[in-house]
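> Attaching a predicted model along with its sequence, questions to come.
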Amino acid sequence: MSRKPIPQQLVLETATELMSRAAIDIPPDYKKALQAAASKETEDLSCFVIKTMLDNYDVAEEDRRPMCADTGLPRFYVKAGNEAVVEGGFIALEHAIRESVAIGTQQIPLRPNRVHPLTRKDNNNNLGIHAPEIEYTFEPGGDWIDLVTVHKGGLFGTDYRMLFPGDGIDGIKRFFLDTMASFGRRGLACQPAIIGIGLGGNKDTCMRIGKEAACLRVVGDVNPDPDVAKLEQELKDLGNNIGMGPMGFEGKTLVVDCHVEVAYTHTGGMPMSIHSFCHSSRRAAARIHSDGRVEFRDDPQWFTDFYRREGIE
Amino acid sequence: MSKMNVVKLKVPVSQEDVDKLEQGDIVYLTGTIYTAREGVYKKVLESGEKLPVDIRSISNVNFHCSPAASPNEQGGYDVGAVTATASFRFGKWMKQWFEVSGAKIIIGKGGMPEQAYRDVFVPNGARYLSTVGYGAGALLGRGIKQVKDVHWLAENGIAQAMWIFEVDEIGPFIVDNDREGNSLFVKHENAVNAKLEKLYEGLKPPALKRYGETTSRADEVIGEPDTQPIRIVNAMPTERSKD
């Protein structure tokens, strides 16, 4: 069987372009939602802040400079079709991704945010031990590789809590309110934001799917499970009823959208994680086909039926 | 669109201009400003190192910021985007910093506790300006005309170096504290707090508490480290918690 390998150079070029798009271009789904919010927001200060953010996106695109100087922590998500082959294998793919982070940091430029946690050593290229994070999933069929980069800001607005089955929806709502209200004050979470919730799994799975829900699902996307979809809507409404807008000023624009992802969990527990993607929702996606075509797209399409499968298949 | 009051100031700012600022004013600055955050504060205020320049003669506006910057071919630096970092972490250095630097305006993210405004800012006639939205990095980046100088780049790295910027109508910034030290953020928080409890009504508290969990929803997560002795809280409530 002869499968055409995807050249390592093409992975490098695509990843480098994604680095730049993520840092500079606000995703259209988020921008549209914020424009709609600006027309609905009745509080002067909140409205002024949202309009300033919209101006900022325009300037970023015109000047080709990052939306925000805290350019976050670059990370990559890789979805490989089962038939995909990369020249040099996955070691070469990771090499190309790491190289794109170093190149992007220098060229865009990004802030070299990644440091050693104790010594604070900075390699000045956003590379280091376990940096960037690279996560993989697979899809049946397909000889393509999907590359998604996310440059998530990281200091505020994320939390985890072990809840229990008896805590139920009340427990979920309370923890959601706690997190929104505490990190929304003074706008530490850089809201309005897409909020991702992970429910279930182990602690690490819970954190992972919650972050993916925030960063890899577009505004307006709804979970296919009707019960989960209902919770998404309830939490979004709850957040926007706190009365807090951008920067913690009075307002009704806190949650641009709320995405919930679930994972099967221990029978005794109901762990929950919350993640705020900031108002510089830096994500960019592309599919590299084996024939060398590269399709850039706005929707990462990370959560597929296969990715959410329940059975053996 | 909202009716915001816009003020354009020259830097160094005069005490007269600073005193005229009202809470919620939208400010743009022209002149020279500099960055200093924990890396610089620690060097000067804890290690006792001398400032590399006479900052008083250069500027009285301190920006809590780390630029996205990289060296260019002309031997200078290109600054892409600029945004503030959360200022509450730097509260313990501000009193001494005002004395050393003569700063009149601090620009940053999120403001500082009202206590800091009353105890430290008011006696120095200083104000705090917050960046807007916090992610308006491209807008602010456009306001920087030139990197005039950079100090302690090798030791502190790009993020913590002391950058001296020439700026032209950089902004917008929002004035947080008034002349008495009241905070715009706190005013808005109080309005939010008044309605917050209602949202919790009817939602039963979780089975397992968290150690050290605050019992007041008006509390902020920012502030000085807790110096109070640890109160022992039973993590397994035996009776229905009052909240």
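Happy to help now that I have it.
> Regarding chain B, what is its longest helix?
For chain B, the helix with the greatest residue count under DSSP state H is helix B:184-200.
> helices and strands around that one, which ones?
The contact analysis (3 or more CB pairs under 8 Å, 6 or more residues apart in numbering or on different chains; DSSP states H and E) places helix B:184-200 against helix A:168-184. (Glycine included, C-beta is placed from N, CA and C.)
> which residues are contacting the helix it packs on?
Applying CB atoms under 8 Å, 6 or more residues apart in numbering or on different chains, the external contacts of helix A:168-184 come out as A:156-157, A:159, A:161, A:163-164, A:189, A:191, A:195, A:197, A:199, A:231, A:234-235, A:238-239, A:242, A:244, A:248, A:254-255, A:270, A:272, A:274, A:276, B:192, B:196, B:199-200, B:202-207, B:217, B:219-221.
> Let's see that with 7 Å instead.
Outside helix A:168-184, the residues that touch it by CB atoms under 7 Å, 6 or more residues apart in numbering or on different chains are A:156-157, A:159, A:161, A:163, A:189, A:191, A:235, A:238-239, A:242, A:244, A:248, A:254, A:272, A:274, A:276, B:196, B:199-200, B:203-206, B:217, B:221.
> Now intersect those residues with the strands, please.
A:159, A:161, A:163, A:272, A:274, A:276 (DSSP state E).
> In chain B, mark out all the helices, start to finish.
Using DSSP H, helices in chain B cover B:15-20, B:38-41, B:55-58, B:91-101, B:114-116, B:137-143, B:153-160, B:184-200.
> Pick the most buried one from these.
Highest mean neighbour count of the helices of chain B: helix B:137-143, a mean of 26 (counted as mean count of other CB atoms under 10 Å in any protein chain shown).
> Please tell me how far B:F121 sits from B:T30.
Counting by CB to CB, to the nearest Å, the gap from B:F121 to B:T30 is 23 Å.
> repeat for B:S183
Using CB to CB, we find B:S183 at a distance of 26 Å from B:T30.
> could you dump the longest helix of chain B to PDB, C-alpha only?
Extracted in PDB, the C-alpha atoms of helix B:184-200 (Å, rounded to 0.1, in the frame of the first residue of the first chain):
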ATOM      1  CA  LEU B 184     -14.600  52.700  40.500                       C
ATOM      2  CA  PHE B 185     -14.200  48.900  40.500                       C
ATOM      3  CA  VAL B 186     -15.300  48.700  44.100                       C
ATOM      4  CA  LYS B 187     -18.300  50.900  43.300                       C
ATOM      5  CA  HIS B 188     -19.400  48.500  40.600                       C
ATOM      6  CA  GLU B 189     -18.700  45.500  42.700                       C
ATOM      7  CA  ASN B 190     -20.900  46.700  45.400                       C
ATOM      8  CA  ALA B 191     -23.700  47.100  42.900                       C
ATOM      9  CA  VAL B 192     -23.200  43.500  41.700                       C
ATOM     10  CA  ASN B 193     -22.900  42.200  45.300                       C
ATOM     11  CA  ALA B 194     -26.300  43.700  46.100                       C
ATOM     12  CA  LYS B 195     -27.900  41.300  43.700                       C
ATOM     13  CA  LEU B 196     -25.600  38.300  43.900                       C
ATOM     14  CA  GLU B 197     -27.000  36.500  46.900                       C
ATOM     15  CA  LYS B 198     -30.300  36.200  45.100                       C
ATOM     16  CA  LEU B 199     -28.900  34.000  42.400                       C
ATOM     17  CA  TYR B 200     -27.800  31.400  45.100                       C
END
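> report the angle between the axes of that helix and helix A:168-184?
Orientation check (axes from the mean of the first three to the mean of the last three CA atoms, to 10 degrees): helix B:184-200 against helix A:168-184 gives 180 degrees.
> List the contacts of helix B:184-200.
Here helix B:184-200 makes contact (CB under 7 Å, 6+ apart) with A:174, A:177, A:181, A:185-186, A:238, A:241-244, A:248-250, B:23-24, B:111, B:114, B:174, B:176, B:217-218.
> Now, of those residues, which are buried?
For the contacts of helix B:184-200, a neighbour count by 16 or more other CB atoms under 10 Å in any protein chain shown gives the buried set as A:174, A:177, A:181, A:185-186, A:238, A:242-244, A:248-250, B:23-24, B:111, B:114, B:174, B:176, B:217.
> correct me, but B:Y77 touches B:P67?
No: look at B:Y77 against B:P67 with CB atoms under 7 Å: they stay out of range, at 8.3 Å.
> Settle it for me: which of the two has more neighbours?
Neighbour totals were compared for B:Y77 and B:P67, and B:P67 leads with 28 against 19 (other CB atoms under 10 Å in any protein chain shown).
> Just list the residues touching the closest residue to A:G245 other than its chain neighbours, thanks.
Computed as CB to CB, 6 or more residues apart in numbering or on different chains, the closest residue to A:G245 that is not its neighbour in sequence is A:G251, at 2.0 Å. By CB under 7 Å, 6+ apart, A:G251 lies in contact with A:41, A:43, A:46, A:244-245.
> how about a cut-off of 10 Å?
A:G251 makes contact with A:37, A:41-47, A:49-50, A:191-192, A:240, A:242-245, B:188, B:192 under the criterion CB atoms under 10 Å, 6 or more residues apart in numbering or on different chains.
> again, but for A:H116
Counting by CB under 10 Å, 6+ apart, A:H116 touches A:122-123, A:128-129, A:131.
> what do you get for A:G245?
Going by CB under 10 Å, 6+ apart, A:G245 touches A:37, A:41-43, A:45-47, A:49-50, A:184, A:187, A:191-192, A:251-254, B:188, B:192.
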